[in-house]
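S.K.: below is the structure, and that's it, no one-letter string:
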């Protein structure tokens with residue numbers, strides 16, 4: 001059965017957030033992982049509010065992942081499957097996931113990802129905002145989900 005996808009209209013605030021995220025990503029060298037401060041700036045209010053509805057403290061999960069705690073990254077992975085992934089929140093979450101892939105590196109990121117259920121792994125890999133060439137740079141992460 002086909003899934004229905006609901007897209008909210010583009011408001012000036014959402015447009016500004018997308019422009020801000022794109023400018024933040026473009027301001028760094030392509031291979032440089034985002035700093036903790038940048039990851040915090042990328043957190044969207046929609047991620048925080050929908051996270052609360054499903055029992056995930058989104059800001060705390062980002063902070064734990066910044067500190068290198070696998071539970072923080074695992075919560076962000078879980079959010080991908082059950083959180084609000086439309087509009088600016090979806091764009092922000094996608095960028096945050098890729099930022100953590102860059103920060104954690106392929107081996108550590110893939111290790112945490114492989115501990116998740118297949119449905120979570122698929123959702124993460126379908127959501128992550130990865131530029132061209134990422135499959136070669138992060139082979140273990142991409143191998144986490146059968147294609």
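M.R.: Received, thanks. Given the structure is predicted, the values throughout are model-derived calculations rather than measurements.

S.K.: list the contacts for the closest residue to residue 102 other than its chain neighbours?
M.R.: Counting by C-beta to C-beta, 6 or more residues apart in numbering, residue 33 is the residue found nearest to residue 102 once chain neighbours are left out, at 3.6 Å. All C-beta spots, glycine's among them, are computed from the backbone N, C-alpha and C. Going by C-beta atoms under 8 Å, 6 or more residues apart in numbering, residue 33 touches 99, 102, 103.

S.K.: could you list every helix and strand that the helix of greatest length in the chain packs against?
M.R.: When the chain is parsed with DSSP state H, its longest helix is helix 87-104. The helices and strands touching helix 87-104, judged by 3 or more C-beta pairs under 8 Å, 6 or more residues apart in numbering; DSSP states H and E, are helix 12-26, helix 36-42, helix 45-53, helix 58-66, helix 70-82, helix 106-114, helix 118-127.

S.K.: using a markdown table, please lay out those helices together with mean neighbour count.
M.R.: A markdown table is the format used below for the helices and strands packed on helix 87-104 (neighbours: other C-beta atoms under 10 Å):
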| stretch | mean neighbour count |
| --- | --- |
| helix 12-26 | 13 |
| helix 36-42 | 16 |
| helix 45-53 | 17 |
| helix 58-66 | 20 |
| helix 70-82 | 21 |
| helix 106-114 | 18 |
| helix 118-127 | 17 |
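
S.K.: so which of those gets nearest residue 89?
M.R.: Among these, the nearest to residue 89 by C-beta to C-beta is helix 45-53 (3.0 Å).

S.K.: what's the local residue count around residue 136?
M.R.: Counted by other C-beta atoms under 10 Å, the residues lying close to residue 136 total 8.

S.K.: distance check, it against residue 32.
M.R.: 18 Å (C-beta to C-beta, to the nearest Å).

S.K.: no more questions from me, cheers.
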